[in-house]
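S.K.: just to be clear, the model below is a prediction. Sequence and coordinates:
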Amino acid sequence: MTLFEKLRCLLTFGQGVALPLPEIPTDSTPLPLFKQWFEDANKSGILLPEAVSVSTCGQNGQPSSRMVLLKNFDEQGFVFFTNYGSRKSQELNENSKVALLFHWNVLQRQIRIEGSVEKVSAQESADYFHSRDRGSQIGAWASKQSQKLTEDDQLKKRMAIFSEKYATGEVPHPEFWGGWRVKPTYIEFWQGRSNRLHDRVCFEKQNNEWVNFKLHP
Ligand SMILES: Cc1cc2nc3c(=O)[nH]c(=O)nc-3n(C[C@H](O)[C@H](O)[C@H](O)COP(=O)(O)O)c2cc1C
């Protein structure tokens, strides 16, 4: 983190306590508030404000969590990209229910999202894949994400193989790599306040409409 970014973090610390949540009109949708908070996080100097925890739970009932990067969001949902053969993807294939968690500590904010996933279109995955730097594209081919390494330098060797294979021209988009879209049914905005009397505003999808309510902290 640069000195400038550190200073920016220090200056924004505590901002959450000073800023109560605005009153939310009963007929509103959660997206404008998410957009506002995401913009605030981007401006705050937090490193990787788009980092989000994804929790999945396969057939065996054991939840598992890991961080990913949010790459897109709109009324349709929240998109991240990964290997479709990874543990998270296997668990999502078994059980499409998922939970996301953002925590922006200097803003004293948390957003919880629950819903279910669908794969984004192959075109959307290919478009994003080709927007990545060449090293990451080749890395996606080299990594058998979540599988056991059978020898220490296996990844290095696979990187060398695919670097040679795709030395020139466009790196093709692997079919085993793409996006998941989380379609939300519940979104909760948490704003830290003094005396632990935090604000919690929740949106729940009922009969295809968003209803909102507040919770005790
Ligand atoms: C800040 C951060 C961002 C990450 N972003 C991604 C991502 O966008 N996609 C991804 O597949 N893995 C990402 N990872 C790695 C995952 O956390 C995880 O190690 C990997 O996806 C394998 O998880 P799985 O075995 O549960 O499928 C990220 C890790 C960190 C710490």
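M.R.: Arrived safely.
S.K.: how many neighbours does Ile161 have?
M.R.: Ile161: 13 surrounding residues under other Cβ atoms under 10 Å. Where you see a C-beta, it was placed from the backbone N, CA and C, and this is true even at glycine.
S.K.: sec struct for it, please.
M.R.: For Ile161, the assignment made with DSSP: H, G, I helix; E, B strand; the rest coil gives helix.
S.K.: contacts only, for it.
M.R.: By Cβ atoms under 8 Å, 6 or more residues apart in numbering, Ile161 lies in contact with Ala142.
S.K.: helices of the protein, start to end?
M.R.: Using DSSP state H, the helices of the chain run over 3-12, 15-18, 31-43, 87-94, 122-131, 134-142, 154-165.
S.K.: the residue lying closest to Ala51 once chain neighbours are set aside and the ligand, how far apart?
M.R.: In space, and not counting its chain neighbours, Ala51 is closest to Met67: 5.3 Å by Cβ to Cβ, 6 or more residues apart in numbering. Computed as Cβ to the nearest ligand atom, to the nearest Å, the Met67 to the ligand distance reads 4 Å.
S.K.: residues touching Met67, list them.
M.R.: 51-54.
S.K.: try it again with 10 Å
M.R.: 48, 51-54, 80, 101 (Cβ atoms under 10 Å, 6 or more residues apart in numbering).
S.K.: dump these to a markdown table, plus distance to the ligand and pLDDT.
M.R.: Shown next, in a markdown table, are these (distance: Cβ to the nearest ligand atom, whole Å; pLDDT from 0 to 100):
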| residue | distance to the ligand | pLDDT |
| --- | --- | --- |
| Leu48 | 5 | 98 |
| Ala51 | 4 | 98 |
| Val52 | 8 | 98 |
| Ser53 | 9 | 99 |
| Val54 | 8 | 99 |
| Phe80 | 5 | 99 |
| Leu101 | 13 | 98 |
